[in-house]
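A.B. asks: need a 3D model of the sequence below.
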Amino acid sequence: METKSAFAYPPQKVTKYIVNAGLFTLLLDSGEIVNYEPEDPESFRRLLDEHQACSLHSA
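C.D. replies: Numbers count the residues shown, from 1 in each chain. Here you go, the predicted model:
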């Protein structure tokens with residue numbers, strides 16, 4: 001699991017995500033599931049939303 005470092009994937013690769021206690025579980029367009037804990041969860045969520053990733057909280 002990646003934590004507190006730069007996200008290793010382009011945000012365009014994330015198709016869906018869910019967040020729990022600041023930990024993002026992300027589905028990539030390749031089918032891979034990765035976890036990521038960003039320094040600033042709100043900014044990371046905005047970045048994903050700007051790239052049309054689907055939040056499972058609102059699905």
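A.B. asks: alpha carbons only for contacts and neighbour counts from here, please
C.D. replies: OK.
A.B. asks: can you get me a residue count around residue 9?
C.D. replies: 10 (other CA atoms under 10 Å).
A.B. asks: that one: which element?
C.D. replies: Using DSSP states H and E, residue 9 falls within no helix or strand.
A.B. asks: please settle this for me: is residue 48 part of a helix?
C.D. replies: Yes - applying DSSP: H, G, I helix; E, B strand; the rest coil, one finds residue 48 inside a helix.
A.B. asks: okay, now it: neighbour count?
C.D. replies: 22.
A.B. asks: so what's the residue nearest to it when sequence neighbours are not counted up against?
C.D. replies: The spatially closest residue to residue 48, leaving aside those adjacent along the chain, is residue 11, at 6.1 Å (CA to CA, 6 or more residues apart in numbering). By CA atoms under 8 Å, 6 or more residues apart in numbering, the residues touching residue 11 are 47, 48, 51.
A.B. asks: what's the separation between residue 49 and residue 42?
C.D. replies: 10 Å (CA to CA, to the nearest Å).
A.B. asks: compare the two (neighbour count), which wins?
C.D. replies: residue 49 (16 against 11).
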